[in-house]
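Engineer: sequence? don't have it. structure:
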């Protein structure tokens, strides 16, 4: 059984790293490196990673909305700052 979004049966909820990299037209090694550096969202199940389809869609949406370059390193820094603030204040960032 495959997990799908509410958008339809053909829309996956998750991509493999290779699929997400192909969609973004980057090398899988580049995406693996970004994931390991906490610069791109992914879910790790044991030794495998899956990429939420929404993460790929969000990157595209941000680029279109801003009309410029989306810096995943900057986004990762924002996430780390939010997590650190949540840790210090005792609240969860999600």
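Structural biologist: Looks like it came in fine. On a predicted model such as this, the values are computed, not experimentally measured, just so you know.

Engineer: CA atoms for contacts and neighbours, from now on please.
Structural biologist: Fine.

Engineer: middle-most residue in the protein, spatially?
Structural biologist: residue 41 (3.0 Å; CA atoms, centre = their mean).

Engineer: where does it fall, phi/psi-wise?
Structural biologist: Residue 41 has phi and psi values of phi -70, psi 140 when expressed as degrees, to the nearest 10.

Engineer: show me what contacts it?
Structural biologist: Going by CA atoms under 8 Å, 6 or more residues apart in numbering, residue 41 touches 35, 51-52, 55.

Engineer: between those, which is closest to residue 69?
Structural biologist: Using CA to CA, residue 55 is the member of the contacts of residue 41 that sits closest to residue 69, with 15.7 Å.

Engineer: how about stretch 18-37: buried residues?
Structural biologist: 18, 20-21, 28, 31-32, 34-35 (16 or more other CA atoms under 10 Å).

Engineer: ok, these vs residue 75, which is closest?
Structural biologist: Where those are concerned, and distances follow CA to CA, residue 75 has its nearest neighbour in residue 34, at 11.4 Å.

Engineer: please produce TSV containing the buried residues of stretch 18-37, extended by distance to residue 81, secondary structure and pLDDT.
Structural biologist: Below are the buried residues of stretch 18-37 laid out as TSV (distance: CA to CA, whole Å; DSSP: H, G, I helix; E, B strand; the rest coil; pLDDT from 0 to 100):
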residue	distance to residue 81	secondary structure	pLDDT
18	29	helix	98
20	26	helix	97
21	26	helix	97
28	27	helix	97
31	22	helix	95
32	22	helix	96
34	17	helix	92
35	17	helix	93
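
Engineer: tell me where this protein has strands.
Structural biologist: Ranges of strands in the chain, per DSSP state E, are 14-16, 43-45, 48-52.

Engineer: have a look at this protein and report its longest helix.
Structural biologist: Longest helix in the chain, counting residues (DSSP state H): helix 72-89.

Engineer: give the rounded mean pLDDT of that helix.
Structural biologist: pLDDT averaged over helix 72-89 equals 84, rounded to a whole number.

Engineer: how about it: buried residues?
Structural biologist: By neighbour count on 16+ other CA under 10 Å, the buried set for helix 72-89 is 75-76, 79, 83.
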